[in-house]
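Visitor: here is a sequence with its predicted model. Questions after.
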Amino acid sequence: MKRMLICLTTVMLLLSACIVDPEEEAQISTLQITPDMGITSEVPTTEPTETALPATPTPTILVETSTPTVTYSPTSKAPYIYSVTPSPLALEWQQDITNLKALLLAQELPEDFYNGGEEIVIEDPTLFFDPNEIFTVLDHLSMQPGYKLAFVYLTSNLEGFPVVYAQVEGENPYRSFTEFVADRPECAEKREDSCYASNHMEHDGTALGYLQFLTFEIMYEQFYLFWHANYNDGRPVATSEQLELILEWVDPDMFDMDYAAFTSYGDINFTDEQKSTAREMELEPTVTIKEDGADVRFVYYTKWGGFYELKAWVPKQNLIAYGFREANQLLEYEIPINF
């Protein structure tokens, strides 16, 4: 219909050309088509101004819409990366500490060593566990010629633990703590230097030898521990890897119970703030060897107190004269377990 309208308009204009004022030219208009009409091209038309085009209905355009699917990826905390590479000395020492702990933890308390709080009498306690096996781990240490390690077991209703001493080779071992102090009265209450195994011990003079001696002094009686005696759980820490095991509670402990048993006492975990502080500690041990001994510095951990920086003097000979000169708490931590 639109084409017919255009032709009709053209004929009318030609017929009236002679009577229309030349100045009144037919206006050529361009119809602007809006997008709403669904037409995308312009059609020029020439028509009188009084001619009106029929209204063109606005088409209804259906637009299919869809909601974009958004995929959320869960965020995870980046794992802690050890930024400090331990020295060969630290690595070797940490392995010694770990191996010694494994050896001592493997010793299950025999029924013979508990008798309702009454004194335990064992003909030869070393037949159950020979403490001289410690030297298979701490191999830079040894007993002086003519001596070996032995122990008696001291027990009560509240605790039980070994008392390790230097036994003269060829002599019968003590069968009980009563026999031990009867023969060595200086060991009954305040134990004198002669009561300790290190009174007859020696090391090879190397940096690792000095460190192994302190390891022995800290850990050598951590077997057959019963009840209150489990407070004796301290040990050195020399590498970030071992530190992480402690902070995440995947490191074996000195209790004869599994991890699930701890949860009944409350939250035993380290806080994020405690972990952050612990990871800033300088774990690298230092051994400054001098003519008559060595100054040693290292980090020590216990569940009852946390982490400490310990500084000790270890003599070259006469090892019983060693001593801890300084202890600084680096991070406080208390496991919520009390005996």
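Guide: Great, that's in hand. Numbering: from 1, shown residues only.

Visitor: residues contacting the closest residue to Arg184 other than its chain neighbours?
Guide: Excluding the flanking residues, the one nearest Arg184 by C-beta to C-beta, 6 or more residues apart in numbering is Cys195, at 6.2 Å. All C-beta atoms are positioned from the backbone trio N, CA, C, and that covers glycine. Listed by C-beta atoms under 8 Å, 6 or more residues apart in numbering, the contact set of Cys195 reads Tyr165, Arg184, Glu186, Cys187.

Visitor: what's the distance between Cys195 and Val314?
Guide: 19 Å (C-beta to C-beta, to the nearest Å).

Visitor: check Phe135 too.
Guide: 17 Å.

Visitor: which residue ranges of the protein form strands?
Guide: 28-31, 43-46, 141-143, 147-155, 159-168, 201-203, 226-227, 235-237, 286-289, 293-302, 304-315, 323-334 (DSSP state E).

Visitor: of all the ones you listed, which lies closest to Tyr174?
Guide: Nearest of the strands of the chain to Tyr174, taken as C-beta to C-beta: strand 147-155 at 5.0 Å.

Visitor: that closest one relative to strand 159-168, how many degrees between them?
Guide: 160 degrees (axes from the mean of the first three to the mean of the last three C-alpha atoms, to 10 degrees).

Visitor: just the mean pLDDT for strand 147-155, thanks.
Guide: The pLDDT scores in strand 147-155 average 96.

Visitor: what does stretch 95-106 give?
Guide: 96.

Visitor: need the residues that contact that stretch.
Guide: 133-134, 136-138, 208, 211-212, 215, 219, 222-223, 235-238, 242, 252, 254.

Visitor: which of those fall within helices?
Guide: Ile134, Thr136, Val137, Leu208, Leu211, Gln212, Thr215, Met219, Gln242 (DSSP state H).

Visitor: surely the last one meets Pro236?
Guide: Going back to what we said before, that points to Gln242. No. Counting by C-beta atoms under 8 Å, Pro236 is not a contact partner of Gln242; they are 9.3 Å apart.

Visitor: tell me, how many neighbours does Pro236 end up with?
Guide: By other C-beta atoms under 10 Å, the residues close to Pro236 number 21.

Visitor: so it bridges to which residues?
Guide: Bridge pairing for Pro236 (DSSP bridges) gives the partners Tyr300.

Visitor: just the pLDDT for it.
Guide: Taking Pro236 on its own, its pLDDT is 98.

Visitor: comparing Phe135 and Val314, which residue is more hemmed in?
Guide: Val314 (21 against 17).

Visitor: possible to save the strands of the chain as CSV with distance to Thr277?
Guide: Formatted as CSV, the strands of the chain follow (distance: least, C-beta to C-beta, whole Å):
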stretch, distance to Thr277
strand 28-31, 79
strand 43-46, 81
strand 141-143, 33
strand 147-155, 38
strand 159-168, 32
strand 201-203, 33
strand 226-227, 31
strand 235-237, 14
strand 286-289, 21
strand 293-302, 13
strand 304-315, 9
strand 323-334, 5
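
Visitor: quick one: residues contacting Gln94.
Guide: Gln94 is in contact with Pro86, Val237, Ala238, Thr239, Glu241, Gln242, counting by C-beta under 8 Å, 6+ apart.

Visitor: most widely separated two among those residues?
Guide: Largest separation among those by C-beta to C-beta: Pro86 and Val237, giving 10.9 Å.

Visitor: scan this structure for its longest helix.
Guide: helix 88-105.

Visitor: enumerate the positions of that helix that are buried.
Guide: Neighbour counts using 16 or more other C-beta atoms under 10 Å place 89-90, 92-94, 96-98, 100-101, 103-105 of helix 88-105 among the buried residues.

Visitor: excluding residues flanking it in the chain, which one is nearest Ala166?
Guide: Using C-beta to C-beta, 6+ apart, the closest residue to Ala166 is His200 (4.0 Å).

Visitor: can you tell me which residue is spatially central in the chain?
Guide: Centroid-nearest residue in the chain, with C-alpha atoms, centre = their mean: Glu244, separated by 2.8 Å.
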